[in-house]
Structures are given as C-alpha cells and as structure tokens.
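**Student:** build me a model from this:
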Amino acid sequence: MPPTLDAAAVRSWCRLSLRALGRAREEIDAINVYPVADGDTGTNLYLTVESAAQAVEAVFDAHAAGRADPGGAPAPTLTEAFRALSHGALIGARGNSGTILAQLLRGVNEALSAPPGPDGRIAADDLRRALAAAAEAGYAAVARPVEGTMLTVATRAAEAARAAEGGMTEVARAAHAAALAALAATPGQLGALRRAGVVDAGGLGLVALLGALCEVVTGEPPTDRPVSGTGTSFRHAHVPEAADPDAGPCADGSAFGADGPAFEVIFLLEGTDATVDVLRGRLDALGDSLVVVGGDGLWNVHVHVDDVGAALEAAIDAGRPYRIRVTHFGDQARRPRGERAVRAVVAVVRGDGLAELCAQAGATVVALRPGERPASGEIAAAIRRAHAREVVLLPNDTELRHVAGAAAEQARADGVRVALIPTRSAVQGLSALAVHEPSRRFDEDVVAMTAAAGATRYAELAVAEHQSWTTAGICQAGDILGLIEDDVAVIGADLAETAVATLERMLTAGGELVTLVLGPTAPPDLADRLRAHVHDHHLAVDTVTYEGGDTATPLLIGVE
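**Tutor:** Okay, the predicted model is just below:
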C-alpha cells in the first residue's frame, strides 16, 4: 500500500480499529482498575470508536447517494473523513477512556484540518504532526493528568513518530512499537496498576488503535498485538518489585478503592468556551476524573462525583446539557477486580431530577431529552455499564417497550440475565425501584417490582397542540389535558384546576400514596395546592413530591 493516507484509508482504519477492539474488549474490561475498577473500559472504547466509524460511513453513504454538494467529488475528501471521525467520537464518547480518546482524535483532526496535497492524501510529516497534536490535546482535556495512563502511551507514540526516519511506513511502525513499550511500563508509573498486576486498560485500547493504523499504512498486521489469543496478552503483566509512592489516593486525587465518588456523570453540552471554563472549575471542585473535550460550541463532559445534582446544576448554568448518563459504581469500586455485581437496575427517564433520583437509588440511568428516543444500542450499553450478572430494565414509557426489548436481547446474547418490567411511566419505575431488594432471589425481586409498578396508576398533564376528538370530548389547541393511563380523562383551561380534577379522578378508585413529579414549567404553587387537596379530602393518603421532571410534561402523577 502506498505510504500515504486518504479518506478510504481513514474508513479502513475505523473498521480495523473496531475489529481489534471487539477482539480485545473483554480483556481490556478485565484489567480495568484505574481510575475506578468498574470493568467497562474496553466496552467504552468500542462504543466510542463505533460511533466514530458510523459517522465516517455516513459521509461515504452521503456521497454515494449523490447528496454531496453540486459539482463535488464522488467520494469524501480526507478532511471530510477526519472531521466525521472526530465528531462521531465526540458525540458517542463513553467513560473516562472513551472521552480521552475522542480528544485524541480531535487533536488529529485539528492537525490535519488544512487541505492536504493535490492528491487528497497526507504523508509522513503530516502523521508525525497529527500524533503530536493528539497527545497534546489529550493532556489539555484532563483536569489532572496522570502518568501511566493512555496519555503516556499517546505521548511516547508521538515522540517515536517524530524521531523516526523514513516515510509513512516507518513512522507508523515506530509509533506502534513505542506505544507497546510504553504500555508495558505503565505498572511502574501508577500504583493502582502495580498492585493489581496489570497494564493500563485505556493504554491497551490505544495500542490496538495504533496497531490498526499500522496495518492500514503497511498493509500487514502488526507483529505484536496486545489482544487475547493473538500474540502478547497483558492480562497479567510482569510487574517488578518497587516502592509504592501512591499507595494512598491515586495520583489525580481520586481514591482507588472505597473512598472514591459513587457516580459517573457524562453529558453532551452546548456552551461557549467561557462558560465551559467555569464549568471545569466547578466540576473539578466537586469530584475527580474530570475530562472535558470538544470545542466550537459542542462539548463532551465526564466526571466522577458524589453529588449528581450539583454536577447537573453546574452543567445547566454552563449551557444546554443533554444525553445525560449517570452510572452508580460506588459498590463496583469496592468489589475485587473483575467481579461483576450480582444485580443492577437500568432505568430510562426524562428530566434531570428523575435521573438524579434514580441514580441515587442505585440505578444505572439513561437520561433523555424531551422528544428523544434512544436506540436499542444505547440501552444495551447502559446494561453493560451496570456490569452485573442480573439486570432489571425499566423503560418507563409505553413507546420504548420494543426498543428496550431489543436491548434486553442484545444483553442476553452477552450472557446477562435481563428482566424487562414494562413500566409505562416514570412514576411506575419509581414504585418498582422503591421495593427493589438485591438480596432476594432474582425471580422474587422481579415479581415484587412488577407488582409495585402494576399497582401504581399514572397520569400526566399535557397541552393540546390542535383541535381533536378525545375520550373526554373535543379539545381545542391550547387546552390542558389530564391523561390517565394514556387516555384523556379531563379537559380544562387552567393547569392547576385540571391537575386537581385529574388527581381527584384517580383517587376515586382509592389509594395510599400520591407521587407528584413536577416539570420545570409547572406553576410554583402547584405542589402545595395538590397536597392541600389530598389532605382535605383524603386523610389517609400520603403525598411525596419530586422536582425536575420532563420539560415537556408539567406534572406526572402516580397513585399507589
């Protein structure tokens, strides 16, 4: 293969990288001990590269379908391919390692943003410059960089590329060989790795990507691959005896072990450079493992915290956060390396308050924006993030049942026992979470959670968008609708009065507990008015209220 890179080579690199990470995913997950031993680094890297590869494929598909600009080339340019690669990794980055990888790829993209030569290709000096820019970008994205991680591996690869003599082939081989050597040395740089007897998991994934790049450039597989069953395996690296300078908290300030933060929070953010700088400072003070990548108004933020609410408040102040993912791994960090949790709950919810509430209850959360529908792969990824042998899945939306079912089938193919409880509303999901007891047998726990969800009647308020026939009569555009069990039961002109009427209609069938989930558009006195109504007319009924529901729904009501 000619010692140059073009758009087709970028596409091949994505495909080979995805294949390499697919083979190495389980091994990388198994050696994941830093910064938290949650066993998902291989999975996160795979999902990040999968998103990047899909973006590149979409660019090629667009050109093939004739959707390119008039007069444009039939195939994408190198610049277009790298731009898609970088953007796809940014929006699909998962976990600490995936977020850092997205920034490494962004550094490559920025270094190659200038138009290449007339033949649309780059040569050896361009690759040297791109690898150096990637390493620099990676360090800049991490709040407290630590040696002995994938940052170190990226830097050593860039240094070797810069020193290599010859063309593209020699540069690619030098970078890969240096990355392998740097990976083998990581236990001597980071106490968490040394104590576990493994190399850095993120570094292992990066070596796999550089090996794929080497194969694209040279046309031959690298001679030494860090993949299980093919060449060198780093599952149990030889670690020389040495002093342990960081036997306490890890070098970036996060405590490896029982004292680390309980939650991983990841989100995309639309914001300015100035607001993101402020966000970095606030999140750095709240937790650790902070990585902020992106630019040009779009950012991917990753942090480990105990106070999820404070992290999301900082995000809202900085811009518009979405695709929020909250993972509870406090218990995972306390388990021996490689040991999976017995049981976990995965909940799909809309609204920051509900996401925080479910996360604090121990659930792994898929948080959605108003109107957003997740793909089955996104829910399946959340099941993998839960890192458990048994998972209870709560879709909390009638329309998501089939998507959640497809995600459950994907997880079952990976050997995870998944029970899908067909919760149709977030209030049913909260009822199921309230009776969740991991110490019970799986079937007993699922039955109890299903019964609790089924015993919870649900309702919501909505605003009619146009005139239409309903089960309660004709509504006009702008009317307030009280929907009970997805059917219109009350039509009114005032939101508070409609809420009271809807709640009273639900309580005529009896009830012991009313749950109110208020959206940001709810009137400030709505909760007080509904609580007063329950107190005055239903003395034996208790009321609980939660803030931060779906922005598109001013009120959710649950009656148990």
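**Student:** ok, the residue nearest the centre of the chain - contacts?
**Tutor:** Nearest to the geometric centre of the chain sits residue 94, at 4.5 Å (CA atoms, centre = their mean). Listed by CB atoms under 8 Å, 6 or more residues apart in numbering, the contact partners of residue 94 are 43-45, 47-48, 266, 325, 381, 385. The way it works is simple: take the backbone N, C-alpha and C, and place the C-beta from them, glycine included.
**Student:** relative to residue 102, how far out is it?
**Tutor:** From residue 94 across to residue 102, the span is 9 Å (CB to CB, to the nearest Å).
**Student:** quick check: neighbours shared by these two?
**Tutor:** In contact with both residue 94 and residue 102: residue 48, using CB under 8 Å, 6+ apart.
**Student:** returning to what we had before: among the contacts of residue 94, which one sits closest to residue 353?
**Tutor:** residue 325 (15.7 Å; CB to CB).
**Student:** what's the nearest residue to the closest one if we skip its chain neighbours?
**Tutor:** Using CB to CB, 6 or more residues apart in numbering and skipping residues adjacent in sequence, the residue nearest residue 325 is residue 266, 4.5 Å away.
**Student:** so that neighbour is in contact with residue 304, correct?
**Tutor:** No: contact criterion CB atoms under 8 Å: residue 266 and residue 304 do not qualify, at 10.2 Å.
**Student:** got a pLDDT number for the residue nearest to residue 325?
**Tutor:** Note for residue 266: predicted pLDDT of 89.
**Student:** what sits closest to the residue nearest to the centre of the chain if chain neighbours are left out?
**Tutor:** In space, and not counting its chain neighbours, residue 94 is closest to residue 44: 3.9 Å by CB to CB, 6+ apart.
**Student:** output the below-cut-off pLDDT ranges for this protein.
**Tutor:** 1-4, 38, 66-74, 114-120, 223-260, 329-341, 549-551 (pLDDT under 70).
**Student:** break this structure down into its domains, please.
**Tutor:** Listed domain ranges for the chain are 7-218, 263-454, 457-559 (source: automatic domain parsing).
**Student:** pick the most deeply packed of those domains.
**Tutor:** domain 7-218 (a mean of 22; mean count of other CB atoms under 10 Å).
**Student:** can you give me the end-to-end span of it?
**Tutor:** Length of domain 7-218, first residue to last, CA to CA, to the nearest Å: 16 Å.
**Student:** can you show me the strands along the stretch 451-560 of the chain?
**Tutor:** 457-463, 468-470, 473-475, 480-484, 487-492, 513-518, 542-547, 555-559 (DSSP state E, counting those that start in this stretch).
**Student:** any chance of a markdown table for those strands, columns distance to residue 398?
**Tutor:** As requested, the strands of the stretch 451-560 of the chain are exported to a markdown table (distance: least, CB to CB, whole Å):
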| stretch | distance to residue 398 |
| --- | --- |
| strand 457-463 | 10 |
| strand 468-470 | 17 |
| strand 473-475 | 21 |
| strand 480-484 | 12 |
| strand 487-492 | 12 |
| strand 513-518 | 17 |
| strand 542-547 | 21 |
| strand 555-559 | 14 |
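**Student:** and of those, who's closest to residue 524?
**Tutor:** strand 513-518 (9.4 Å).
**Student:** helix or strand: which one has the residue nearest to residue 325?
**Tutor:** strand 263-271 (DSSP states H and E).
**Student:** what pairs with the residue nearest to residue 325 across the strands?
**Tutor:** Beta-bridge partners for residue 266, by DSSP bridges, are residue 302, residue 325.
**Student:** show me the beta-bridge partners of the residue nearest to residue 488 when sequence neighbours are not counted.
**Tutor:** Once flanking residues are discounted, residue 488 sits nearest to residue 470: 3.8 Å by CB to CB, 6+ apart. Note on residue 470: beta-bridge partners residue 473, judged by DSSP bridges.
**Student:** wait, residue 470 sits on residue 490?
**Tutor:** No: using CB under 8 Å, residue 470 is not in contact with residue 490; the gap is 9.9 Å.
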